[in-house]
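Participant: Here's a sequence, model it:
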Amino acid sequence: MDGLQLRGRIMPASNATFLADLDGREVVYKPVAGERPLWDFPDGTLADREVASYLVAEATGWGLVPRTWLGDGPHGPGMLQEWQVVDETQEAVTLVPTGAEPDGFLAVFEGLDEYDRDVTLVHEDGTALRRLAVLDVLINNADRKGGHVLAMADGRRLGVDHGVTLHHEPKLRTVLWGWAGLPLTDEERLVVDRVLAAVRGDLGTALAAHLTDLELHALERRAERLLAHGVLPHPSGGWPSIPWPPF
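Facilitator: Next comes the predicted model:
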């Protein structure tokens, strides 16, 4: 892609990640050549999983993931995603002193910080962030860190860094457990049902270019289970439920 001009490398990141300019737009560029092999995600590429997650997010109609696509750059093919300018005065996920959880936030877990002080990880109790939690269940997100949630000035909460998603085995690992066990809202049920129908149709065809058949069928089963159980899941206990580090 002739128009892609690198502006700098984004640090820290476990895989090669660049801020670039494309036809006057700022984009994130993650070349496949810069992906670190993962033993537990041996199939496909992280770039394909990022694009597949975006396609599922688009099917929700909630606008949860910045536009994401495959393209070429100076380091070869990779993922391109529209850069977002966040509102740094807002925090959707944060650590607070234990016992000082702010109103409107849900506690997820307690621990100690680097100075051995008691702290609690909390996240907002709001519709915008909860929608992201529903998406994470659908895409089986194995790495929803606090830093992967973008707080936008208009109140939207966007998710990024979806390279380890959509595995066929249960791998949900997230900091957004505050709604575990709570029933789906009517809107959430409608959206999950719509995604399920899409996976069985045109969305499934589009995802087949990025996922294995097993992974595609697993996505369909997760949507079916979510509708059948009607609640947001608890940690399964068979897999670390919190990404580390959590931010």
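Participant: Show me the strands in the chain, by range?
Facilitator: Here the chain has its strands, by DSSP state E, at 4-9, 18-22, 25-31, 68-73, 76-82, 93-97, 105-112, 118-124, 149-151, 157-159.
Participant: For the top helix by length along the chain, which outside residues touch it?
Facilitator: The residue-count maximum for a helix in the chain (DSSP state H) belongs to helix 213-229. Under the contact criterion CB atoms under 8 Å, 6 or more residues apart in numbering, helix 213-229 has outside partners 43, 56, 134, 137-140, 166-169, 184, 189, 192-193, 195-196, 199-200, 204, 207-208, 211, 233. In short, each C-beta sits where N, CA and C put it, glycine included.
Participant: Dump the strands of the chain to TSV, plus mean neighbour count and mean pLDDT.
Facilitator: Output for those, formatted as TSV (neighbours: other CB atoms under 10 Å; pLDDT from 0 to 100):
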stretch	mean neighbour count	mean pLDDT
strand 4-9	13	94
strand 18-22	18	96
strand 25-31	21	97
strand 68-73	18	96
strand 76-82	20	97
strand 93-97	17	96
strand 105-112	15	95
strand 118-124	20	97
strand 149-151	21	97
strand 157-159	23	98
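Participant: Would you format these as CSV with distance to Pro243 included?
Facilitator: CSV is the format used below for the strands of the chain (distance: least, CB to CB, whole Å):
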stretch, distance to Pro243
strand 4-9, 22
strand 18-22, 23
strand 25-31, 18
strand 68-73, 20
strand 76-82, 20
strand 93-97, 11
strand 105-112, 12
strand 118-124, 11
strand 149-151, 12
strand 157-159, 13
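Participant: pLDDT weak spots in the protein?
Facilitator: Filtered on pLDDT under 70, the chain yields the residue ranges 1-2.
Participant: rerun at 90
Facilitator: The chain contains residues with pLDDT under 90 at 1-3, 11-14, 36-40, 42, 114, 236-240, 244-247.
Participant: what's around Ala92, how many residues?
Facilitator: By other CB atoms under 10 Å, 22 other residues sit near Ala92.
Participant: Oh, that last question was meant for Gly99, not what I typed.
Facilitator: 8.
Participant: wait, what's in contact with it?
Facilitator: Gly99 neighbours (CB under 8 Å, 6+ apart): Asp118, Thr120.
Participant: I'd like to know how far it sits from Thr120.
Facilitator: Distance of Gly99 to Thr120, computed by CB to CB, to the nearest Å: 8 Å.
Participant: Among the contacts of helix 213-229, name the buried ones.
Facilitator: For the contacts of helix 213-229, a burial check counting by 16 or more other CB atoms under 10 Å picks out 56, 134, 137-140, 166-168, 184, 192, 195-196, 199, 204, 207, 211, 233.
Participant: Please narrow the contacts of helix 213-229 to those residing in helices.
Facilitator: Within these, residues falling in helices by DSSP H are 56, 134, 137-139, 189, 192-193, 195-196, 199, 204, 207.
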